[in-house]
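Colleague: Let me see the structure of the following:
(3 chains)
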Amino acid sequence: MAMTSARPAALPARDADPALALNRADRSALLRFMLLMRATEERALTLYRQGKVPGSYYDGRGQEATCVGAAFALGAEDRACILHRDMGAHLVRGVPPGRILAQMMGREGGITRGRDGNMHFGDRKLGCVGMVSMLPDMALVACGMALAFQMRREPRVAMTWFGDGSTANGQWHEAMNVAGVRKLPVVFVLENNQFAYSTPNDLEFAVDPVERAATYGFPGVKVDGNDVEAVFEAAAEACERARVGGGPTLIECETMRMHGHGAHDDMRYVPAEMLEEWSKRDPIEAYTAKLRADGIDVEAIEKSVAEVLERETEWALAQPMPDPATTTDDVFADADPELGDGQAPWSRWSPARETV
Amino acid sequence: MPQMGVSVAEGTIVEWHKRVGDWAERDEVIVEISTDKVETEVPSPESGRVTEILVEVGTTVDVGTVLARLDTSASPGEPHVEEKLTVDSSQLTETPPVTPVVRRMAAEHNIDLSQVRGTGRRGRVTKKDVLAFMKQWGEREPQPEPVLHIESPYEDEELSTVNRQPSTGQPLSPMRRSIAEHMVRSLQTAAHCTTVVEADVSAVEAARGRLSYLPFVARAAIAALREFPQLNATLENDRLYVHDEVNLGVAVALGDDGLIVPVVKNAHELSHEGLASRIADLAERARSKRLSPDETKGGTFTITNPGRYGALLATPIINQPQVAILDLEAVVKRPVVVGDAIAIRPMTYLCMSWDHRALDGVLAARFLSSVRHHLEGWNG
Amino acid sequence: MAEMTYLQAISDGLREEMRADDSVFCLGEDIGAFGGAFKVTDGFAEEFGADRVWDTPLAENAIIGTAVGAAVEGMRPVCEMQFADFISCGFDQLVNVAAKMHYRQGLAVPMVVRLPSGGGFSGGPFHSQNPEAWFLQAPGLKVVAPSTPEDAKGLIAAAIRDPNPVCFMEHKHLYRRAKGEVPDGRYQTDLGRVRVAREGTDLSVIAYGAMVPVALEATEDVDGASVEVIDLRSLVPLDRDGILESVRKTSKVVVLHEATRSCGVGAEVAALIAEEAFEDLDGPVVRVTAPDVPIPFSPPLERAVLPQVDDVKEACRELVSY
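Modeller: Down below sits the predicted model:
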């Protein structure tokens, strides 16, 4: 098994753009969301092993920074197509962990009420459009939402995530092309977690995908996907570009999938030393250390997250299974779509916020 | 007429084995003659189709007289007018299918499909045929039995188009012969009397819905047989067997073929609805020739209901070895006296023929009275 | 009222809706400057601007996928597949994203996919298909197939106003050959209702699209029988009651479509009749369809495959005499 391509050189220094600044509350929030994602996923894995989660179980352990950091840049009116290893993005938009657990358990309180499973959901009331299994179909849907913003001359952004494997697919190229041709206000977040199921990068593509952005007519940047603030900065910059009509951006986040493709995958194809190396770069450990050094009470955040998880798990386990009599309901809509606005915890959108 | 001996000058026709239109093989027996009281079978001189028969049975003619003519240029397989007629009139071994809509309409409107002329492929009765039939005869359902005024609704042309008698006479079919034999024997065996009682069937009318009168009369008759079991009996070799169970025979018309009497075993255990469905099933299977021999045996009492052709009264012939048979004819609305007023009621005559060897008129009358009583007091 | 062709009626309906609602826009290949391969959107770019009449790249999944995204954000996109056959290049977005969205996420997707379908002009295997039956197997999609100009205008408008993804089967053969009176202004034709093209009592021919005029011509005189012709015009939802009502009346049915035989819409209609109107049938339910073969190019071969007037007449004659 080949190692990944060489780690990128340090990113060029940039002057911090005041518009993109993060205050203490923001940074606490970033840690909190990452911790919430990890805790929820660990709890979900336990429930899965206890037989309470039907079907398969997928998580994004080790990728918390990629989804939290990017989603944090979004405004309330922006839209997101979130993928299966990006639970943090749902949390940032305001989905309570309990509803995610209920969703995984196929219960009535889950976002799809049992109609779809695991991470195939998007709370439309919070401006999220749920994914499908075929990847990266959602990239085109995000382009469509961006198209609507463009046609209506709205300073809004559509953000979507996809993995390294998706970049081999025709629909990825159609999405990149359409985005570039129309200069759509879309942000493509490519989570290169080194493997598409068991397929490593060098079997997936001949060229680092970030370089393809230029050939589609827009910038591509590569960041350390385990550095939540680096991801945030890249995403915030991309959103700004989109808002002012500058078109799309491809952000390749280099990260590592620390668990298997799914809980059923023993990861035998991952070299032990690779896992060893990436475990030293755990995004949460790194950021916890950083914030502690800055004098933020990380223990309080950890404690609060643990409490929330207890409450939310209890709530999820109390949810009933869906009624089979409703199985054939709602195939068709009676009314026009209602895609609501999500939460936007970044202080730029909500200056008075006190998180934690 | 052949010369059957030197001194024979004439001969008499005893029986023709072929009719006009039949095929005769050479040397096949074509006619039986009698000369000097000796009966001889005459073989056909050639193969051919009989085109004329010139001398009737029983006629004596001189030797040398032409008796019949054969067309030797014909071929055996050719259809000819009368053959075709025979073939068409329910001698088909394969019954054309009854489509779902036709079956449903027949059930809903109580139509006997064997009475309906089929114009579809293979003689199939089509929906159109049923509609035409209904238009002609009026709907049975949900209206009551046809109201008789003066003229009878009976029309004979519709049913007998396929039954033109050839002028030379037609031998009885095996079934007809069997019926004939049974009827004659019955008349010769039993001392036939017929008693008639009149019944007001308005209560049945109110209750019957889609059913015909027959199951109600059957049920009433069974109730009366419980009271007067001597009528639920068979008389054989001077021994009278009074039966506990009522095995009710119901006569079923088979069109030109005649009739057959399938038996509803243990009819005393059935309600009128049960009787209706059993009778319908037996009738359908009788018409499609799917009865088992068992199903026509063991009857203890018979009801016959010839149909809606307008007859008021009949004197049925007892179904041996039973001692009685009940005939149900038309139901007709008539003015009758109720209390001291005149009312219009649907009335019918219950006609029972019974064997005077086994019982007397009083019993017959009382039995019929009981049947009437059950019908007039019908409350489901 | 005005007399116009089927094609003009579709344009008219689309134009009316775009004038009435800014959120309605068109996307597809060559629909802008060129006015569309069949000129349905001729003049649209001039009237509504390039923004609302988007000449897309050659990418069917992109057309349909972006339409989904725009639709969930409250726009009303009308996609054009240049030929219905090309839906296979955008099939994934149609059946996996568009169709299943509301059931799974409760999120409506008000979009239309226009599909110029059908053969009869030597288009060959890739430009002649009638793929509507595929969509019946993707719950969540609605499918309409008008046969008259009046219905074409009314149904395109209804499809646009419907909050669900609607596949609009516009038959190429009818574009210029079907002419008729069309009401002025905006109107919608309800989905899920048949049109009785001709009333009759002895036999029903149930058809849609380009086969409706074929059915009418073929059954003008079938041995004097009175033949009813039903124009389905809406395949999903299907007007079950309308179909069964006709069957109860005539008791004999010929189901007719240009699409190939196996598991076509005709199979669905025949099964429905067998299940729900068994006791009303006075003969077998007969289908007249193209055989299971890719539509060939050469005229005698194509004619042998697509149901012709004589084929329909013969089937009706057989059934009438059953």
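
Colleague: would you say residue C:316 is within a helix?
Modeller: Yes - under DSSP: H, G, I helix; E, B strand; the rest coil, residue C:316 falls within a helix.

Colleague: Give me the distance from stretch C:219-227 to the chain's centre.
Modeller: Its chain's C-alpha centre and that of stretch C:219-227 lie 26 Å apart, by Cα atoms, centre = their mean, to the nearest Å.

Colleague: all strands for the stretch 1-150 of chain A, in order.
Modeller: With strands called from DSSP state E, counting those that start in this stretch, the stretch 1-150 of chain A shows them at A:79-81.

Colleague: any idea how far residue A:309 lies from chain B?
Modeller: Separation of residue A:309 from chain B (Cβ to the nearest Cβ, to the nearest Å): 64 Å. In this view, the C-beta of every residue, glycine as well, is placed from N, C-alpha and C.

Colleague: Report the spatially closest residue to that residue, excluding sequence-adjacent ones.
Modeller: residue A:39 (4.8 Å; Cβ to Cβ, 6 or more residues apart in numbering or on different chains).

Colleague: likewise residue C:212?
Modeller: Of all residues not flanking residue C:212 in the chain, residue C:147 sits nearest, at 3.8 Å (Cβ to Cβ, 6+ apart).

Colleague: cool, residue A:90 as well?
Modeller: Distances taken as Cβ to Cβ, 6+ apart place residue A:82 nearest to residue A:90, at 5.8 Å, with adjacent residues excluded.

Colleague: what's the burial count for that neighbour?
Modeller: The tally of other residues near residue A:82 (other Cβ atoms under 10 Å in any protein chain shown) stands at 29.

Colleague: Repeat that for residue B:228.
Modeller: For residue B:228, using other Cβ under 10 Å, the count is 18.

Colleague: didn't it look like it was pressed against residue B:366?
Modeller: Yes - using Cβ atoms under 8 Å, residue B:228 is in contact with residue B:366, at 6.5 Å.

Colleague: picking up where we left off before, next, the contact list for the residue nearest to residue A:90, please.
Modeller: A:67, A:71, A:89, A:90, A:93, A:119, A:122, A:128, A:130, A:131, A:160, A:161 (Cβ atoms under 8 Å, 6 or more residues apart in numbering or on different chains).

Colleague: The same query, at a cut-off of 7 Å, please.
Modeller: A:89, A:90, A:122, A:128, A:131, A:161 (Cβ atoms under 7 Å, 6 or more residues apart in numbering or on different chains).

Colleague: Of those, which is the nearest to chain C?
Modeller: residue A:122 (6.0 Å; Cβ to the nearest Cβ).

Colleague: So what pairs up with residue B:338 in the strands?
Modeller: For residue B:338, the beta-bridge partners are residue B:341 (DSSP bridges).

Colleague: Would you check that the residue nearest to residue A:309 makes contact with residue A:304?
Modeller: No - using Cβ atoms under 7 Å, residue A:39 is not in contact with residue A:304; the gap is 10.7 Å.

Colleague: Between those two, which has more neighbouring residues?
Modeller: Neighbour totals were compared for residue A:39 and residue A:304, and residue A:39 leads with 19 against 16 (other Cβ under 10 Å).

Colleague: What separation is there between that one and residue C:144?
Modeller: 50 Å (Cβ to Cβ, to the nearest Å).

Colleague: same check, this time on residue C:115
Modeller: From residue C:115 to residue C:144 the distance is 10 Å (Cβ to Cβ).

Colleague: Overlap in contacts, these two.
Modeller: Residues touching both residue C:115 and residue C:144 (Cβ under 7 Å, 6+ apart) are C:168, C:169.

Colleague: Comparing those two, which residue is more hemmed in?
Modeller: Higher neighbour count among residue C:115 and residue C:144: residue C:144, with 30 against 27, using other Cβ under 10 Å.

Colleague: Which residue, neighbours along the chain excluded, lies closest to that one?
Modeller: residue C:155 (4.8 Å).

Colleague: now residue C:89
Modeller: Residue C:89 sits nearest to residue C:60 (Cβ to Cβ, 6+ apart), 3.7 Å away.

Colleague: Residue of chain C nearest chain A, please.
Modeller: Nearest residue of chain C to chain A: residue C:69, at 1.9 Å (Cβ to the nearest Cβ).
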